[in-house]
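Novice: Predicted coordinates and the sequence they were generated for:
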Amino acid sequence: MSENNEIEVMQSVYDKNDEIAAKINTSLTEKGIFAINVMGAPGAGKTSTLIKIIERLKDITPYVIEGDIEADIDTKTLQALGVKTIQINTNGACHLDSPLIGEAVETLNIENGVLFIENIGNLVCPAEFQIGEHVKMLISTVTEGSDKPYKYPLAFEKANSIIINKCDLLPYVDFDEEYFMKGVRALNKTAPVFKISSKTGEGVEEVVSWIKQNVK
Amino acid sequence: MHEYPITKRIIEISEKFAKENHAQEVKQINLVVGEYSGYVASSIELYFEIIAEDSICKNASLHIERVKPKLKCDSCGKLFERKPFSFECPYCRGEGRPTEIGQEFYIKSIEV
Ligand SMILES: [Zn+2]
């Protein structure tokens, strides 16, 4: 009587998110938009790096979706620079997901250019969710320390490019680049790694070249 | 934090499969959660009771099979569990790279 009847399901719990992400990706591609999911810890300099990149994009139109838990400081900064930016507040959630991005993309009404999606400052959850992006760009910093690939492996594994920011501070911090790169390469054989300073703009030109290669 | 919406999705999928099979009640949900998937199995268990209350899953027990992440050695090809702060292969001291093992997150089956 109490015998259970087992029904095979074998269904990923991510399915709904991934389905929407795939639709967003197709629609962005059709509109000529190349989308970059920008990941990094709080204070890694995601917004200031974006500003330095955008200043150098020249003939490519930039758009930004700013993910934030509750503030809109970064959005105001970008809008003041004339960048078409939309704010998403997750009200406590630790990452952006594809339903949120789907809505934002519709509201933004964009065409031909690069869309930067600044994810929530967090090295864990943003790496787990597809949001319709073409590539993931991870921003790590010399001030966070060289053990980050070992502590947050998924973010480094999923990244299509890795930026080491705040390199102007290298003389003042103990950042073991060899150890850092050993961890990065164990997880990710192919992602280019760029050393930059979002304060001085040093090294940003190479990131821009990488973006331009991808846009074509 | 994000276990709440995902637990809701687990219940939705289970309900759908139960209804397709004309079942009145879900007795058990068999879930596979990789420890590298970012989901905390115990949080899912916590939310499950609250969210399942109004569904045909309300009496269901949640059976979670946890999967330990494995790396694959580039040199000898063996699978191994990673030691903290290292990717080194315990067999040949080569270097391991991530595999899909440990990233699973799916409903294997339901029992009705
Ligand atoms: Zn080996």
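Specialist: Cool, the structure landed. Numbers count the residues shown, from 1 in each chain, chains lettered A, B, ... in the order given.
Novice: A:Asp176: neighbouring residues, count only.
Specialist: Using other Cβ atoms under 10 Å in any protein chain shown, A:Asp176 is surrounded by 12 other residues. (Each C-beta comes from the backbone N, C-alpha and C, glycine too.)
Novice: residues contacting it?
Specialist: A:Ser146 (Cβ atoms under 8 Å, 6 or more residues apart in numbering or on different chains).
Novice: mind checking how far A:Thr143 is from A:Phe175?
Specialist: With distances taken as Cβ to Cβ, to the nearest Å, A:Thr143 is found 8 Å from A:Phe175.
Novice: likewise A:Gly32?
Specialist: 39 Å.
Novice: So which of these two has more stuff around it?
Specialist: Ranked by neighbour count (other Cβ under 10 Å), A:Gly32 and A:Phe175 place A:Phe175 first, with 18 against 12.
Novice: so the more buried one touches A:Ser140, yeah?
Specialist: No: A:Phe175 lies out of contact with A:Ser140 (Cβ atoms under 8 Å); the separation is 10.1 Å.
Novice: Briefly note if the top helix by length along chain A comes near chain B.
Specialist: In chain A, taking DSSP state H as the definition, the longest helix is helix A:15-30. Yes: using Cβ under 8 Å from any Cβ of the partner chain, we find that helix A:15-30 touches chain B at A:15-16.
Novice: Just give me how far the helix or strand just after that helix sits from the chain centre.
Specialist: Next helix or strand after helix A:15-30 toward the C-terminus (DSSP states H and E): strand A:33-40. Computed by Cα atoms, centre = their mean, to the nearest Å, the chain-centroid distance of strand A:33-40 equals 4 Å.
Novice: Helix or strand with the lowest mean pLDDT in chain B?
Specialist: helix B:41-52 (a mean of 88; mean pLDDT, DSSP states H and E).
Novice: so does that one get close to chain A?
Specialist: No: residues of helix B:41-52 are not located near chain A by Cβ under 8 Å from any Cβ, the shortest gap being 9.5 Å.
Novice: Name the residues that touch that helix?
Specialist: Taking Cβ under 8 Å, 6+ apart as the rule, helix B:41-52 contacts B:3-4, B:6-8, B:10-11, B:31, B:33, B:58, B:60, B:62, B:64, B:66.
Novice: Repeat the analysis, applying 7 Å as the threshold.
Specialist: Residues from elsewhere that reach helix B:41-52 (Cβ atoms under 7 Å, 6 or more residues apart in numbering or on different chains): B:3-4, B:7-8, B:11, B:33, B:58, B:60, B:62, B:64, B:66.
Novice: Of these, select the buried ones using a PyMOL command.
Specialist: To isolate the buried ones among those in PyMOL, judged by 16 or more other Cβ atoms under 10 Å in any protein chain shown, type:
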select buried, chain B and resi 3+7+8+11+33+60+62+64
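Novice: In helices only, show me the contacts of helix B:41-52.
Specialist: Judged by DSSP H, those include B:3-4, B:7-8, B:11 as members of helices.
Novice: so which of those residues are also by chain A?
Specialist: Filtering these for proximity to chain A by Cβ under 7 Å from any Cβ of the partner chain leaves nothing.
Novice: With distance to A:Asn91 and pLDDT as extra columns, can I get those residues in JSON lines?
Specialist: Output for these, formatted as JSON lines (distance: Cβ to Cβ, whole Å; pLDDT from 0 to 100):
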{"residue": "B:Glu3", "distance to A:Asn91": "16", "pLDDT": "80"}
{"residue": "B:Tyr4", "distance to A:Asn91": "13", "pLDDT": "82"}
{"residue": "B:Thr7", "distance to A:Asn91": "19", "pLDDT": "90"}
{"residue": "B:Lys8", "distance to A:Asn91": "17", "pLDDT": "89"}
{"residue": "B:Ile11", "distance to A:Asn91": "23", "pLDDT": "94"}
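Novice: quick one: B:His63 from the ion, how far?
Specialist: Noted for B:His63: a distance of 34 Å to the ion, by Cβ to the ion, to the nearest Å.
Novice: That residue: neighbouring residues, count only.
Specialist: 13.
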